[in-house]
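J.: for reference, the sequence and a predicted model appear below.
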Amino acid sequence: MLNILVIGNGQCGNRILDSINRHAMGGGKNCNRLAKFYSKQRFKSHVETLAFNTAVNDLKEMKFTKARDRVHIPHLHGVGANRNVGKQVFEENKEMIMRQVEERGNFDIAFVLTSASGGTGSSFTPLLIREMKNRYDYPVYCVVVLPFREEGTLYLQNSAFSIRDIRQSGVDGIILADNQYLKNIGGSIQEAYNGINDMIAERLLFLLDALDSEMMMVTDLGDFKTVMSGGAGLATIGFFKADKDMPIKTTIQNSLSPSGLLFSTNVYEEASRAMIVIKGDRKYLSIDEISTEIEKLSGAVGHVFKGIVVRDGEYPQILSLLTLESAHELEKLYNVAVQAIHYEKAKKQRVEEGVEMKRTFSQIEGMEPEY
Ligand SMILES: Nc1nc2c(ncn2[C@@H]2O[C@H](COP(=O)(O)OP(=O)(O)OP(=O)(O)O)[C@@H](O)[C@H]2O)c(=O)[nH]1
């Protein structure tokens, strides 16, 4: 049995964590009676969860995460997308935060979930991971959500700096999910968020379940670590669930296609290592078809680990984990982030020089009110 710690930082991290807890309890939208459902978690790993936030309302919004797992770090109502303030708040509360982590015990693996672009999550995450890596031996992976590109200059520049900070934190690997890429889920913004959060939660739980399962062909934590240590330290996850008549090779291809992935990439060009986990009833799992598809992938990317979990009566589901050698989409994000940084800098300079305001007030220079 694996001992797993999942931490969600900031609003986005908290919400994905809450979705994980909902799915772990059975997934139903109405399963909000915590005590009842905690007694029958669907997963056999021992999973501890922790949510950190400066905004108490974000923590209150969580419905499926136990109260003792929701930790408020008091600072107004969030840090307003200011990463410098976020870093300072983390440092001031570091010992309290680390005590919470310490109290959860020892783990085989930990995941930290955050948006790249807000203030709290994106500034807490690199500092927290650095502390965890200094104090503990277990590997720590980070799931980072990239912003919708139209959300504005502050979010764009935060993303550029936070991903750099997370990479330099000692993290064992970063899994990218991209709101921009996943927004075709459609509906209102809240529905899109929920849909994206559920996608991320389901994939992570599938992965954890697979790492802790009796498999016909085995992938384990060691394979996961090897895959994640490949490439440029960045990874993404694909997933596809077949319906009854779909051949297994199409199901595998779909899990690697744009609609299956959390981050836009051409896996045959940009991936560096891969792990494919196939779950389903034996009768759907043609070994010839599986081998042909895996060979095609390994021909393009190098090494591919494969695992098969037999689940009687279930249609096949495929999870693909891919580390990336290059990430064209991330490079594009950094391009627009650089423009955003220049824009903010020029604006700040204009304000400091007071050009606009000087013009405004100069209109009444030398005048007095007339009554
Ligand atoms: N996928 C997804 N993205 C979210 C969600 N909530 C917020 N975001 C994204 O997260 C970014 C903003 O970061 P938040 O996590 O809200 O910010 P925070 O870490 O709480 O920081 P502050 O509010 O500035 O203190 C934006 O790019 C949002 O689009 C969510 O539930 N799901």
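T.: Thanks, I have it.
J.: tell me which residue in the stretch 101-250 of the chain sits closest to the ligand.
T.: G118 (2.0 Å; Cβ to the nearest ligand atom). Backbone N, C-alpha and C define where each C-beta goes, glycine included.
J.: quick check: phi and psi at that residue.
T.: Note on G118: its backbone torsions stand at phi -80, psi -170 [degrees, to the nearest 10].
J.: got it, and R99?
T.: Per degrees, to the nearest 10, the backbone of R99 is at phi -60, psi -40.
J.: neighbours around it, how many?
T.: 10 (other Cβ atoms under 10 Å).
J.: contact partners for S123?
T.: 79, 83-87, 89-90, 162 (Cβ atoms under 8 Å, 6 or more residues apart in numbering).
J.: redo that, cut-off 6 Å
T.: 83, 86-87 (Cβ atoms under 6 Å, 6 or more residues apart in numbering).
J.: quick check: which element contains it?
T.: helix 120-135 (DSSP states H and E).
J.: can that helix be found next to the ligand?
T.: Yes - Helix 120-135 reaches the ligand (Cβ under 6 Å from any ligand atom) through 120-122.
J.: L182: which element?
T.: Going by DSSP H and E, L182 is part of helix 179-182.
J.: for the chain, what's the longest helix?
T.: helix 328-353 (DSSP state H).
J.: for that helix, enumerate the helices and strands it packs against.
T.: Secondary-structure packing of helix 328-353 (3 or more Cβ pairs under 6 Å, 6 or more residues apart in numbering; DSSP states H and E): helix 153-167.
J.: in the helix it packs on, what counts as buried?
T.: 153-163, 165-167 (16 or more other Cβ atoms under 10 Å).
J.: quick revisit: so does the helix holding L182 get close to the ligand?
T.: Yes - Helix 179-182 reaches the ligand (Cβ under 6 Å from any ligand atom) through N179.
J.: center of the chain - which residue?
T.: Closest to where the C-alpha atoms of the chain average out (Cα atoms, centre = their mean) is V143, at 2.7 Å.
J.: contacts only, for it.
T.: With Cβ under 6 Å, 6+ apart, V143 has these contacts: 113, 175.
J.: now do the SS call for it.
T.: strand (DSSP: H, G, I helix; E, B strand; the rest coil).
J.: which pLDDT value goes with K40?
T.: On the pLDDT scale, K40 is placed at 52.
J.: try K358
T.: 85.
J.: which secondary element of the chain has the worst mean pLDDT?
T.: helix 34-38 (a mean of 45; mean pLDDT, DSSP states H and E).
J.: quick one on the thing from earlier: put the buried members of the residues of helix 120-135 next to the ligand into a ChimeraX selection.
T.: The ChimeraX selection below is limited to those of the residues of helix 120-135 next to the ligand classed as buried (16+ other Cβ under 10 Å):
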select :120,121,122
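J.: redo the residues of helix 120-135 next to the ligand as CSV? Include pLDDT.
T.: Shown next, in CSV, are the residues of helix 120-135 next to the ligand (pLDDT from 0 to 100):
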residue, pLDDT
T120, 97
G121, 98
S122, 98
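J.: just put the residues of helix 120-135 next to the ligand in JSON lines and tack on distance to A24.
T.: Output for these, formatted as JSON lines (distance: Cβ to Cβ, whole Å):
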{"residue": "T120", "distance to A24": "24"}
{"residue": "G121", "distance to A24": "21"}
{"residue": "S122", "distance to A24": "25"}
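J.: and which of the residues of helix 120-135 next to the ligand is nearest to F64?
T.: Nearest to F64, judged by Cβ to Cβ, of the residues of helix 120-135 next to the ligand is G121 at 18.8 Å.
J.: which non-adjacent residue is nearest that closest one?
T.: Spatially, and ignoring its direct neighbours in sequence, G121 is nearest to G10 (2.4 Å; Cβ to Cβ, 6 or more residues apart in numbering).
J.: residues touching the one you found, list them.
T.: 114, 118, 120-121.
J.: give me the residue from the stretch 201-350 of the chain nearest the ligand.
T.: For the stretch 201-350 of the chain, Cβ to the nearest ligand atom, closest residue to the ligand: L262, 10.0 Å.
J.: what about V355, how many neighbours?
T.: 11.
J.: and the residue nearest to G121, how close does it get to the ligand?
T.: 2 Å (Cβ to the nearest ligand atom, to the nearest Å).
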